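Participant: okay, sequence plus prediction incoming.
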Amino acid sequence: MSSFEKPQTVSVSDLTFGGDMKILLPPLDLIPKEFQESRTDWNKLITTWFFQGLSSFDCKPKPGIDRKQAMGHVKAILGSWEPRHEHKEAACAWLLSKWFEEPIYTAKG
């Protein structure tokens, strides 16, 4: 099992400053091309979340996935200054697709 099959627990500091990207951020060579090329509905969700914010996130976690832990893991990546934006988007989209059933959300505004 890869270290990205399940989300990692993050601290309040990780949520504020981004956390350890060596642990939280999958390397690009693990992320399927369709996520790197922004071609999935999960990429659209991440782009909306990053640029507009979400007023709802109604995605159902897959069996064995802790919703709060998964959301914290993704939030820590999105809040990090370390990786390039394209890498963060691809990684977060891919991780959400692994941990949740389908992208159901509403943008703010």
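Facilitator: Received the coordinates, thanks. Numbering: from 1, shown residues only.

Participant: how near is G79 to K22?
Facilitator: Distance of G79 to K22, given as C-beta to C-beta, to the nearest Å: 16 Å. Just so you know, the C-beta spots here come from the backbone N, C-alpha and C atoms, and that holds for glycine as well.

Participant: so for the two, which residue has more residues nearby?
Facilitator: Per other C-beta atoms under 10 Å, whichever of G79 and K22 has more neighbours is G79, with 15 against 8.

Participant: so what's the nearest residue to the more buried one once chain neighbours are set aside up against?
Facilitator: Using C-beta to C-beta, 6 or more residues apart in numbering and skipping residues adjacent in sequence, the residue nearest G79 is G18, 4.9 Å away. With contact taken as C-beta atoms under 8 Å, 6 or more residues apart in numbering, G18 is in contact with A76, I77, G79, S80, W81, E82.

Participant: can you lay out those residues as a markdown table showing distance to K88?
Facilitator: What follows is the contacts of G18, written out as a markdown table (distance: C-beta to C-beta, whole Å):
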| residue | distance to K88 |
| --- | --- |
| A76 | 10 |
| I77 | 6 |
| G79 | 9 |
| S80 | 7 |
| W81 | 10 |
| E82 | 9 |
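
Participant: that'll do, ta.
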